[in-house]
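Trainee: how would this look folded up:
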Amino acid sequence: MEISDLKRAYTVPQVLTHYGLPQPNRAGFINCLVHTDKNASMKVYPNRLVCFSCGCRMDIFDICGHIHGLDGTGERIKRFHEDMRLDNQPIRKRNTDEHRRLKREEETKQARRACRDRLHRIAYKGKHTAEPFSPMWEKSVTILRNVSAWYEREGIE
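Mentor: Okay, the predicted model is just below:
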């Protein structure tokens, strides 16, 4: 299993239960695992813990490392793997080429969305500030149509 698969497969409340730690109250808080608390100050989210008192943030591997006193990320992941009885499934790191490709695709999508939004704002403003059927108004309407067609071609939301 990849590390990202483990993070998706196990939520923080499941890990808290597995290690016998207290469950969150109705508001979703527990006493901080790092410092002593009189009042619960650590918020339990599905994928992390955040303490609003000391600023500590923990994911499922950090919880495991805190319980077992482990410092290194690799040690924490291996121990979590053992604790969850996943010994027959090897830990795989994401291929760096695949990771770069996915990151590049996401950046391209974001750039396209930003460009589309900018064009849309410019054309929309021109359409609503120019005299109807003036050259500026017609140009803005044409841009809006082209941008809409581009949305459909590129499959951009």
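Trainee: can you tell me the average pLDDT over the helix or strand encompassing residue 138?
Mentor: Residue 138 is part of helix 135-154 when elements are defined by DSSP states H and E. Averaged over helix 135-154, pLDDT sits at 77.
Trainee: buried sites along it?
Mentor: Neighbour-count burial for helix 135-154, with 16 or more other CB atoms under 10 Å as criterion, is recorded at 137, 140, 141, 143, 144, 147. C-beta coordinates here come from the backbone N, C-alpha and C atoms, glycine included.
Trainee: ok, so of those residues, who is nearest residue 82?
Mentor: Taking CB to CB as the measure, residue 82 lies nearest residue 147 of the buried residues of helix 135-154, at 53.4 Å.
Trainee: nearest the geometric middle of the chain, what residue?
Mentor: Residue closest to the mean C-alpha point of the chain, counted by CA atoms, centre = their mean, is residue 47 at 9.3 Å.
Trainee: now do the SS call for that residue.
Mentor: The local conformation at residue 47, judged by DSSP: H, G, I helix; E, B strand; the rest coil, is coil.
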